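1. Output the structure for:
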Amino acid sequence: MKVLITGVAGFIGAAAARALLARGDSVVGIDNLNDYYPVPLKRARLAAVEAAAEERFTFIEVDFADREALARALGAQAFDAILHLGAQAGVRYSLENPHAYVQSNLVGHLNLLEIARARPGTLMVYASSSSVYGGNDKVPFSVEDRVDHPFSLYAATKKADELLSESYAHLYRIPLTGLRFFTVYGPWGRPDMMPWIFTSKILRGEPIPVFNHGRMQRDFTYIDDIVAGVIACLDRPPADDGAAKPGGSSAPHAIYNIGNNQPVELTRVIGIIEQACGRKAEIEMLPMQPGDVPGTYADIDAIARDMGYAPTTSVEEGFPRFVDWYRGYHSHA
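-> You can find the predicted model right below:
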């Protein structure tokens with residue numbers, strides 16, 4: 001199989017590319033290498049992908065929100081599937097720069113749907129987010145729950161992506177799978193996320209910001225478990241059989257939660273990171289941030305049933321692996 005991956009220099013995109021290449025697939029990867037966080041980290045991820053490629057990886061620097069540039073970049077490329085992981089990420093940054101989210105997450109998503117429509121037989125797996133659940137107080141979060149009250153613009157764009165996908169699946173019978181990711185972490189993670197922020201500050205002896213005065217839970221999901229689920233969805237697109245899919249569609253469009261199904265207290269994770277770093281954290285307790293939610297918890301019954309998804313990495317295993325990687329990356333950076 002040959003797969004087009006958007007956001008291939010990103011955290012999940014690069015990990016998915018390495019996994020697909022390792023099993024013998026070919027990858028065309030695109031990324032605009034923007035400076036939302038340091039570009040050298042993105043280039044280092046790309047170098048790791050290229051090292052595993054054996055000439056089966058092609059990288060193209062392009063902004064998928066630029067329709068004409070995207071069409072030119074992909075004009076000569078053939079592929080069987082699209083793994084659309086590129087997006088403007090981050091809940092808090094959406095409060096500062098809303099236009100970036102509309103351009104990347106809405107216009108960009110539409111552009112990829114059009115790419116799939118222009119290539120009959122091409123399936124697409126795309127990134128949604130657990131953020132779409134907003135302040136849902138029913139736990140665990142199920143794909144059958146109503147998600148009409150997003151707490152952030154980022155969440156609203158991800159819900160809009162699901163709606164755009166539903167319309168394209170209905171009109172053009174494109175096989176589409178949306179994945180609501182739950183707090184992905186692990187080696188090569190993003191600098192704007194908690195594991196990186198806490199690890200860097202603890203190692204430097206700086207206070208760590210703990211929001212909602214520590215009353216937070218997250219369904220932390222290790223990157224290798226996430227990638228296994230993503231690839232399973234590439235291998236098993238939804239059938240165009242009129243049957244109801246997870247998420248409620250009768251078109252070839254399925255929506256799945258992809259998480260660990262084990263929400264963990266933030267204070268427990270801080271203790272694990274402290275032990276891995278070999279020093280105690282200085283904690284700065286802060287109120288809840290706008291757009292944030294106190295807890296997430298994924299119901300993964302649907303993806304377990306349909307894809308055989310079964311996460312195996314505990315936080316006691318995963319967070320020390322991240323800390324080890326972080327130390328090694330910065331010793332060579």
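
2. Could you give the average pLDDT over the longest helix along the chain?
-> Secondary structure of the chain per DSSP state H: the longest helix is helix 153-172. Here helix 153-172 scores 97 as its mean pLDDT.

3. Now that helix: buried residues?
-> 153-162, 164-166, 168-169, 172 (16 or more other CB atoms under 10 Å). For glycine as for every other residue, the C-beta is placed from the backbone atoms N, C-alpha and C.

4. elements contacting the worst-scoring helix or strand of the chain on mean pLDDT?
-> Least confident element among the helices and strands of the chain, by mean pLDDT, DSSP states H and E: helix 93-96 (a mean of 84). In this structure, helix 93-96 makes packing contacts with helix 153-172, judged by 3 or more CB pairs under 8 Å, 6 or more residues apart in numbering; DSSP states H and E.

5. Which neighbouring elements make contact with the helix it packs on?
-> In terms of contacts (3+ CB pairs under 8 Å, 6+ apart), helix 153-172 is packed against helix 93-96, helix 98-101, helix 108-117, strand 123-129, strand 176-181, strand 253-258.

6. just for this protein, where's the confidence low?
-> 291, 333 (pLDDT under 70).

7. can you give me the strands for it?
-> Counting by DSSP state E, the chain has strands at residues 2-6, 26-31, 57-61, 81-84, 123-129, 176-181, 184-185, 207-210, 217-218, 221-222, 253-258, 264-265, 282-285.

8. Would you give the sheet partners of the fourth one, along with the direction of each?
-> Yep, that's strand 81-84 we're talking about. strand 2-6 (parallel), strand 123-129 (parallel) (DSSP bridges).

9. okay if I get the strands of the chain as a markdown table plus distance to Ser331 and mean neighbour count?
-> Listed next are these as a markdown table, based on distance: least, CB to CB, whole Å; neighbours: other CB atoms under 10 Å:
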| stretch | distance to Ser331 | mean neighbour count |
| --- | --- | --- |
| strand 2-6 | 29 | 24 |
| strand 26-31 | 26 | 24 |
| strand 57-61 | 26 | 17 |
| strand 81-84 | 32 | 26 |
| strand 123-129 | 31 | 25 |
| strand 176-181 | 29 | 26 |
| strand 184-185 | 20 | 24 |
| strand 207-210 | 22 | 16 |
| strand 217-218 | 28 | 22 |
| strand 221-222 | 23 | 26 |
| strand 253-258 | 32 | 28 |
| strand 264-265 | 28 | 18 |
| strand 282-285 | 23 | 13 |
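
10. Serialize those strands to JSON lines and add fields for distance to Arg321.
-> Formatted as JSON lines, the strands of the chain follow (distance: least, CB to CB, whole Å):
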{"stretch": "strand 2-6", "distance to Arg321": "23"}
{"stretch": "strand 26-31", "distance to Arg321": "24"}
{"stretch": "strand 57-61", "distance to Arg321": "25"}
{"stretch": "strand 81-84", "distance to Arg321": "24"}
{"stretch": "strand 123-129", "distance to Arg321": "23"}
{"stretch": "strand 176-181", "distance to Arg321": "19"}
{"stretch": "strand 184-185", "distance to Arg321": "10"}
{"stretch": "strand 207-210", "distance to Arg321": "19"}
{"stretch": "strand 217-218", "distance to Arg321": "17"}
{"stretch": "strand 221-222", "distance to Arg321": "8"}
{"stretch": "strand 253-258", "distance to Arg321": "19"}
{"stretch": "strand 264-265", "distance to Arg321": "16"}
{"stretch": "strand 282-285", "distance to Arg321": "23"}
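
11. wait, which of those is closest to Ser142?
-> Ser142 sits nearest to strand 253-258 of all the strands of the chain, at 7.5 Å, using CB to CB.

12. The closest one pairs with which strands?
-> Assessed with DSSP bridges, strand 253-258 is paired to strand 176-181 (parallel).

13. and the partner strand, how far out from the chain's middle?
-> Here strand 176-181 is found 9 Å from its chain centre; the criterion is CA atoms, centre = their mean, to the nearest Å.

14. How about stretch 91-104?
-> 16 Å.

15. what does that stretch contact?
-> The contact list for stretch 91-104, computed with CB atoms under 8 Å, 6 or more residues apart in numbering, reads 36, 64-65, 86-88, 131, 151-155, 157, 192, 289-292.

16. Okay, and which of those residues map to helices?
-> Of the positions in the contacts of stretch 91-104, 153-155, 157 sit in helices, assigned by DSSP H.
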